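Participant: Provide a 3D model corresponding to the input given below.
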Amino acid sequence: MTSSYLVLTAPGGADTTHEKTRFIRDGFSVLGFMFPWIWLAVHRLWLYAIAAFLLQTIGGALMDQPGLWLVGLAVTFGTSLLVGFEGQNLRVRKLVSKGWQDEALISADRLDVAEEIYFSEIQTDLGDDTPLPSPQWDGGSRADRGTATSLGLFGFDGGR
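Facilitator: This next block holds a predicted model:
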C-alpha cells in the first residue's frame, strides 16, 4: 500500500547535508490512536496533549457513572480516533508555523524509498561549480519488456 510522505526543510533553507530535512508520513498513526496524549506529548504538541489528556480523563470518569458508559466510551474513542487521523497534520502545521518549508509530497511504499526519490532529484555540486556526475538510470529498452498480458488484460509495453 502506497503512502504519502511530506518533505519539510528547516527554516532558512536546507543545509548542505540535508540532516535537518524531515519526512513525515501523511496518514493514520496507530500509536497516536492507541496512546493519544502520550503521542502528542512525545511530538511536543503540548496544548493538544493536555486537551487529549483532559478529554480522556473526562471520558473515563463518565464511563464510571451509571447510564453514561456509552457517552464516556464515545468521548475517549473519539479523542483517540481524532489524534490517529489528524496527529501527523498537527505536527506538520506546527513545523510550518515555525518557518519550515513544505518542499515536496512523495508517494512511496516505505520511508527509505521516499528518501531515495527525494534526494535523487536534488542537484549536488562540489563547490567549484562542477556538478557531481549523476548516475545513469538505464530503464532498458522496450524490446526487453515482455509482451504478455496480465490476468487476461491488454499488455502494457509502453505503447498505445
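Participant: need the residue closest to the centroid of the chain.
Facilitator: Arg25 (0.9 Å; C-alpha atoms, centre = their mean).
Participant: and that one, what does it touch?
Facilitator: 3-6, 88, 111 (C-beta atoms under 8 Å, 6 or more residues apart in numbering). (Each C-beta comes from the backbone N, C-alpha and C, glycine too.)
Participant: in PyMOL, select just the buried ones from those residues.
Facilitator: A single PyMOL command is used to select the members of those judged buried by 16 or more other C-beta atoms under 10 Å:
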select buried, resi 3+5+6+88
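Participant: redo the contacts of Arg25 as CSV? Include distance to Ile50.
Facilitator: Converted to CSV, the contacts of Arg25 look like this (distance: C-beta to C-beta, whole Å):
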residue, distance to Ile50
Ser3, 29
Ser4, 29
Tyr5, 29
Leu6, 25
Gln88, 19
Leu111, 30
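Participant: want to throw the contacts of Arg25 into CSV with secondary structure and pLDDT?
Facilitator: Below are those laid out as CSV (DSSP: H, G, I helix; E, B strand; the rest coil; pLDDT from 0 to 100):
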residue, secondary structure, pLDDT
Ser3, strand, 83
Ser4, strand, 90
Tyr5, strand, 91
Leu6, strand, 91
Gln88, helix, 93
Leu111, helix, 89
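Participant: no more questions from me, cheers.
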